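Colleague: for reference, the sequence and a predicted model appear below.
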Amino acid sequence: MAKSSGNSKQGRQTTTNQPHKGGPVRRIVEPDKDGGYRVLAPGADRASAKTPTKAAAAKRATEIVSNLGGGEVTYKNDRGRIVDSDTVGKGNDPHPPKDKKH
């Protein structure tokens, strides 16, 4: 039986919600626990905006990302799972031929 090395993460890349310096601008639209929806940056403690509807939150998130030069708007459901995302402005869509929703 072969013995594995002590570093089990060797060769794996880890990902984070926080973009690296110079990386894409991101905003997340998710339901607020007090009702309505909120827009926040990955890893932020405070919301960038709070709105009564998902459509208003999506519009505000798109405005914020566009004003910052383009990027991604990610939508989460009430369980915290990503249900959709959209590239805005000058953002780099990683799969343009497959993205037929937008």
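Modeller: Yep, that arrived. Numbering: from 1, shown residues only.
Colleague: phi first, then psi, for Ala55.
Modeller: phi -60, psi -40 (degrees, to the nearest 10).
Colleague: what is the burial count for it?
Modeller: 11 (other Cβ atoms under 10 Å). (C-beta placed from N, C-alpha, C; glycine too.)
Colleague: again, but for Asp32
Modeller: Neighbours around Asp32, by other Cβ under 10 Å: 16.
Colleague: if I look at it, how far off is Ser48?
Modeller: Noted for Asp32: a distance of 12 Å to Ser48, by Cβ to Cβ, to the nearest Å.
Colleague: between the two, which contacts overlap?
Modeller: Arg38 (Cβ atoms under 8 Å, 6 or more residues apart in numbering).
Colleague: list the buried residues in the helix or strand bottoming out on mean pLDDT in the chain.
Modeller: Least confident helix or strand, the chain: strand 82-88 with a mean of 91, by mean pLDDT, DSSP states H and E. By 16 or more other Cβ atoms under 10 Å, the buried positions in strand 82-88 come out as Ser85, Asp86, Thr87, Val88.
Colleague: list the helices and strands that strand packs on?
Modeller: Judged by 3 or more Cβ pairs under 8 Å, 6 or more residues apart in numbering; DSSP states H and E, the packing partners of strand 82-88 are helix 54-67, strand 71-76.
Colleague: hmm, back to that, can you put the buried residues of strand 82-88 in CSV and add distance to Thr62?
Modeller: Below are those laid out as CSV (distance: Cβ to Cβ, whole Å):
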residue, distance to Thr62
Ser85, 12
Asp86, 8
Thr87, 10
Val88, 5
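Colleague: Pro42 is nearest to which of the helices and strands packed on strand 82-88?
Modeller: strand 71-76 (8.5 Å; Cβ to Cβ).
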